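# how does the following fold in three dimensions:
(chains A and B)
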2 protein chains.
Amino acid sequence: MAETPYSRLEKLFRRLSALADAEAVLDWDQAAMMPRGGATARAGQVAELRAVRHGMISAPETGDLLDAAEEGDGLDAWQAANLHHMRRRWTHATALDETLVRALAEAESACETAWRTARPEADFAAVLPSLQAVLDLVREAAAAKAGTLGLDPYDALLDQYEPGARAEDIDPVFDELEDFLPGLLGEVLAAQAAGSAPTPPPGPFPADKQRALGMRLMEAFGFDFDHGRLDESLHPFCGGVPEDIRVTTRYDEDDFASGLMAILHETGHALYDRGLPRAWRGQPVGDAIGMAVHESQSLLIEMQVCRSRPFMDFAAPLIAGAFSGKGAEWEAGNLHRLAIRVRPGFIRVDADEVTYPAHVILRYRLEKAMIEGGMEAADLPGAWNQGMERALGITPPSDREGCLQDVHWYDGAWGYFPTYTLGAMTAAQLFQAADRADGAIGEGIARGDFAPLLAWLGENVHAKGSLLSSDQLIIAATGRPLDAGAFKAHLKRRYLD
Amino acid sequence: MAETPYSRLEKLFRRLSALADAEAVLDWDQAAMMPRGGATARAGQVAELRAVRHGMISAPETGDLLDAAEEGDGLDAWQAANLHHMRRRWTHATALDETLVRALAEAESACETAWRTARPEADFAAVLPSLQAVLDLVREAAAAKAGTLGLDPYDALLDQYEPGARAEDIDPVFDELEDFLPGLLGEVLAAQAAGSAPTPPPGPFPADKQRALGMRLMEAFGFDFDHGRLDESLHPFCGGVPEDIRVTTRYDEDDFASGLMAILHETGHALYDRGLPRAWRGQPVGDAIGMAVHESQSLLIEMQVCRSRPFMDFAAPLIAGAFSGKGAEWEAGNLHRLAIRVRPGFIRVDADEVTYPAHVILRYRLEKAMIEGGMEAADLPGAWNQGMERALGITPPSDREGCLQDVHWYDGAWGYFPTYTLGAMTAAQLFQAADRADGAIGEGIARGDFAPLLAWLGENVHAKGSLLSSDQLIIAATGRPLDAGAFKAHLKRRYLD
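Numbers count the residues shown, from 1 in each chain, chains lettered A, B, ... in the order given. Below is the predicted model:
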């Protein structure tokens, strides 16, 4: 077949995808395997890989091919969407020069490594210089992208993770949640206080048994260990590549639920990655559409499914069996009440659904202030603690439970946080639609039969790749644009009924 | 400082080194971590990385820079050696076109993966098509390099691993060993039969305890776990990068010695990589000079040091302690006699020093016949078994103990095997010189004090990088070119005295 500008672009993006995949494996290794002393060398590897990719995508030829392909015709809907995303990536990439790309990669890697030590030691001062260096470079990148894209600097960063998302659309939604949630939280806490508290099963819970239980439940959701692994890292994540998904968690031997829910959460991400359209693997249109939809898939599994009472009816005997537990503490009703216990706390990844948005909104406002409002990295601990006090009435005892807890800023992921709460809203709206569409979905959960749910998600979300925008995908799947309605209804039903 | 052709080459080779390092991490992951289903995607990643490196080194500009740098002057000895190795790598790289580089990478990765299943199942037929595909491509590469380098095809492959080594130099040495070893083996077996046999300590030996013991002994040799890891793989190896060394072994719960000696062997490699000249990190002259010297460092640690009686005086209490062992089986004398027990066997990596060269010489002749002599991959099992019968009087019960045991050919490493026996000879000659140079070396071993030995190796081998050729390095360190004398003397002293 004769080469066309479009087919040459497909070839280029397949190569870029292979290099991005290599980097994804290195990223997993850095978080899950790499000894501390490997950090500088690893930073050099990652910086070089990014520089190579940047050079390939921003070669003068690529712009010419995009122009030519866009002037042509005969592309089907997938190809046209693919071309659209190629142009998008090219625009984001060419906004930065190679020097900045390399400097960012090196600064992020150095800072992430410093953070790995600073966090357990609650030593913000130790990581501050690296963080300020990252912030300065991210600001530079945001300014450059803002100019190219015609956006505000913060929106230019946000757009990297959630194409099309804008602060002006997020602000009213976050305001709506800020109006709604404190009242809900008060009611939930009052209702909890009025009833008896659930009883935590007695530990300790050895890490190897937690791991075996996690793998058992991952398998129940169809996670294929011929195409993935479960390991440990400081911050749970789902990495690797669709053919080889690397899920991580962390184990607390006094509390199995935290590590287990992290596993189930990351498994939701993994199912999305595995379900992306294989025919488009290696092409932009074959990738996830954005981080909000990605997060919706993890939160749908964790929050909508795994913290539900029907799921606990299925899982409670497995959990009890894993730890040879017997007695009332191990019964589904008790475990479910523990899984939906609401308590304002310091740690985002351990937060319940009711307080989680407050964690996100705080981070969103802080990062926006650091990118656009002149706030500096040194101001972070104070601003963080004030924000926590205002939002949830609690002050972190140290920066470990405060502004050191998340890797994102240290690793260069600025503009990412809002996608968590957009994802929670999307998860609720998608699950509501799925549940209405097929009664077998809800019925299956109590039996550990997730096939009906996964079929619906596969068809309506996973297999779409980036064919539709996030907005289009949500409308096609649920019949309406994203709003906070399903999320608010879910919270009221679960926590007040 | 103004850029010169030489300084621009240093910049290019630093970039190439970072990409090669990334590939080394992926290689480790593939062997130690990757689930089976990740193989195809990984092959694509590695192929792309190699294609990128190939494109960078063989860009027309590189040849021009080399020409210009070679015409210039003012380079010091290290820079001149660096430039020499740059030219060498350029010559090897430009002999192949990108299509072949990519095809080789993909075929090797696919074949290595097929081998990972075929080996435990003793199913040579399952891997034969992949192996023949690798062989065809390796022949093509050998022919291309032979033309460029003015060498025979086999020598062109050998030269990749051991610069300057030629079959015509190897043949007489291997003939000499083939004359010497069978007689020695007969005498050793007779002497062993005449005395009492050592008693293996009673197992089982849990893998986690073997691992802890291995780490303890690695630390005794100065292995820094802030700059490395110990993991498991089918075939023990030392990978990763100098700042982050990845040692692997395999654990047999019925026999701790096999996995432990593999760890100590790979630790020898690791010490070399860690001791390479830091000032030249990322440059060709900062790399190991060749695989024979590399293997000499692992064999010096394993064979010269760790299978010696003085070492066992140090290690026996640690070994006994690791497995809570008590009694005569755990005493140094018994453990030492076990460590130097000679027995013709099927598996190269488990072979004793006396029979090891026969394994290597067999593989050398077979791979030479496959590259140059028209032998095909399908002929391998028969030829292998005949060769084992002729060399050691034993026939493998299946291909698992025969031609499936080593990853090398399946992974594309043709022309590598001779370096093992060149390495054994080099190890003996270097250790003899070290021992003569500093009496503290031998004395230290029995106390677990390896500092004098490591100081001598650091100065005379590790820190040289690729400043000297292998020949020059051996002459500088030992006062004469490499010969089989020290190796033969070592074997006679250890096994017959």
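
# need the contact list for the most centrally placed residue in chain A.
A centroid search over chain A (Cα atoms, centre = their mean) returns A:Glu295, at 4.7 Å, as the residue closest to the centre. Contacts of A:Glu295 were listed using Cβ atoms under 8 Å, 6 or more residues apart in numbering or on different chains, and they are A:269, A:419-420, A:422-424, A:426-427. Just so you know, the C-beta spots here come from the backbone N, C-alpha and C atoms, and that holds for glycine as well.

# one more time with 10 Å, if that's ok
For A:Glu295, the contact set (Cβ atoms under 10 Å, 6 or more residues apart in numbering or on different chains) comprises A:161-162, A:265, A:268-269, A:272, A:416, A:419-427.

# with A:Phe237 instead?
Contact analysis of A:Phe237 by Cβ under 10 Å, 6+ apart lists A:27-28, A:31-32, A:246-249, A:262, A:265-266, A:269, A:407.

# one more: A:Ala144?
Residues touching A:Ala144, when contacts are defined by Cβ under 10 Å, 6+ apart, comprise A:94-97, A:100, A:153, A:156.

# report the buried residues of the strand or helix carrying A:Gly186.
Using DSSP states H and E, A:Gly186 maps to helix A:167-194. Of the residues in helix A:167-194, those with enough neighbours to count as buried (16 or more other Cβ atoms under 10 Å in any protein chain shown) are A:167, A:170, A:173-174, A:177, A:180-182, A:184-185, A:188, A:192.

# how about the strands in chain A?
Counting by DSSP state E, chain A forms strands over residues A:228-232, A:238-241, A:244-249, given from the N-terminal end onward.

# packing partners for the longest one?
Read that as strand A:244-249. Strand A:244-249 sits against helix A:5-32, helix A:207-220, strand A:228-232, strand A:238-241, helix A:256-275, helix B:5-32, helix B:39-57, with contacts defined as 3 or more Cβ pairs under 10 Å, 6 or more residues apart in numbering or on different chains; DSSP states H and E.

# chain neighbours aside, what residue packs nearest to A:Gly239?
Distance criterion Cβ to Cβ, 6 or more residues apart in numbering or on different chains; nearest residue to A:Gly239, sequence neighbours excluded, is A:Trp28 at 4.1 Å.

# count the neighbours of that neighbour for me.
Other residues near A:Trp28 number 26, with proximity taken as other Cβ atoms under 10 Å in any protein chain shown.

# distance of it from A:Glu266?
Using Cβ to Cβ, to the nearest Å, we find A:Trp28 at a distance of 12 Å from A:Glu266.

# okay, and the beta partners of the closest residue to chain B within the stretch 151-300 of chain A?
Using Cβ to the nearest Cβ, the closest approach of the stretch 151-300 of chain A to chain B is made by A:Asp244 at 2.9 Å. Counting by DSSP bridges, A:Asp244 forms beta bridges with A:Val241.

# distance check, it against B:Glu108.
Taking Cβ to Cβ, one finds A:Asp244 at 18 Å from B:Glu108.

# with neighbour numbers in mind, choose between those two.
Neighbour tally, A:Asp244 and B:Glu108, criterion other Cβ under 10 Å: the higher count belongs to A:Asp244, 29 against 24.

# now the least confident helix or strand in chain A by mean pLDDT: buried residues?
Least confident element among the helices and strands of chain A, by mean pLDDT, DSSP states H and E: helix A:98-118 (a mean of 91). Of all the residues in helix A:98-118, those buried under the rule 16+ other Cβ under 10 Å are A:101-116, A:118.

# what does stretch A:58-72 give?
Under the neighbour-count criterion of 16+ other Cβ under 10 Å, stretch A:58-72 has A:58, A:62, A:65-66, A:69-70 buried.

# quickly list the domain ranges of chain A.
The record, using automatic domain parsing to delimit domains, assigns chain A the ranges A:5-146, A:147-497.

# pLDDT at A:Leu234, what is it?
A:Leu234 is assigned a predicted lDDT (pLDDT) of 84.

# and it, what does it touch?
In this structure, A:Leu234 makes contact with A:31-32, A:115-116, A:119-120, A:248, A:250, A:407, judged by Cβ under 10 Å, 6+ apart.

# got the contact list for A:Thr355?
Contacts of A:Thr355 were listed using Cβ under 10 Å, 6+ apart, and they are A:181-182, A:184-185, A:188, A:342-345, A:348, A:391-392, A:394.

# tell me which of these is nearest to A:Pro357?
A:Leu181 (6.0 Å; Cβ to Cβ).

# tell me how far the closest one lies from A:Asn385.
When distance is defined by Cβ to Cβ, A:Leu181 is 20 Å away from A:Asn385.

# where does the stretch 101-250 of chain A have low pLDDT?
Counting by pLDDT under 70, the stretch 101-250 of chain A contains no low-confidence range.

# what does it have sitting close to chain B?
Counting by Cβ under 10 Å from any Cβ of the partner chain, the positions of the stretch 101-250 of chain A adjacent to chain B are A:224-229, A:231, A:240-246.

# make it 8 Å
Near chain B, the residues belonging to the stretch 101-250 of chain A are A:224-229, A:240-244 when assessed by Cβ under 8 Å from any Cβ of the partner chain.

# let me know the closest of those to A:Ile474.
Ranking those by separation from A:Ile474, with Cβ to Cβ as the measure, puts A:Pro242 on top at 22.4 Å.

# correct me if wrong: the closest one contacts A:Pro277.
No. Because the distance of 10.0 Å does not satisfy Cβ atoms under 8 Å, A:Pro242 is recorded as not touching A:Pro277.

# between those two, which is the more surrounded one?
Neighbour count, other Cβ under 10 Å: between A:Pro242 and A:Pro277, A:Pro242 has more, with 22 against 17.

# from the stretch 301-450 of chain A, which residue is nearest to chain B?
Proximity of the stretch 301-450 of chain A to chain B (Cβ to the nearest Cβ) peaks at A:Asp411, 18.1 Å away.

# give the contact list for that residue.
With Cβ under 8 Å, 6+ apart as the criterion, the residues that contact A:Asp411 are A:108, A:111-112, A:115.

# what do you get if the cut-off is 6 Å, keeping everything else the same?
For A:Asp411, the set of contacting residues under the criterion of Cβ atoms under 6 Å, 6 or more residues apart in numbering or on different chains consists of A:108, A:112.

# ok, A:Pro242 next?
Residues in contact with A:Pro242 (Cβ under 6 Å, 6+ apart) are A:273-274, A:276.

# again, 7 Å this time
With contacts defined as Cβ atoms under 7 Å, 6 or more residues apart in numbering or on different chains, the neighbours of A:Pro242 are A:273-274, A:276, A:281.

# follow-up on the earlier one: of the contacts of A:Phe237, which is the nearest to B:Ala207?
Of all the contacts of A:Phe237, the one sitting nearest B:Ala207 is A:Ala32; the distance, using Cβ to Cβ, is 20.2 Å.

# the closest one contacts A:Asp231, correct?
Yes. Checked against Cβ atoms under 7 Å, the pair A:Ala32 and A:Asp231 is within contact range at 4.5 Å.

# give me the common contacts of those two.
When Cβ under 7 Å, 6+ apart defines a contact, the residues bordering A:Ala32 and A:Asp231 alike are A:Thr248.

# burial of A:Gly382, as a residue count?
11.

# how far away is the nearest residue to A:Ala68 once chain neighbours are set aside from chain B?
Excluding the flanking residues, the one nearest A:Ala68 by Cβ to Cβ, 6+ apart is A:Pro5, at 3.8 Å. As for A:Pro5, its distance to chain B is 21 Å (criterion: Cβ to the nearest Cβ, to the nearest Å).

# same question for A:Ala77.
Look at A:Ala77 and chain B: by Cβ to the nearest Cβ, they are 26 Å apart.
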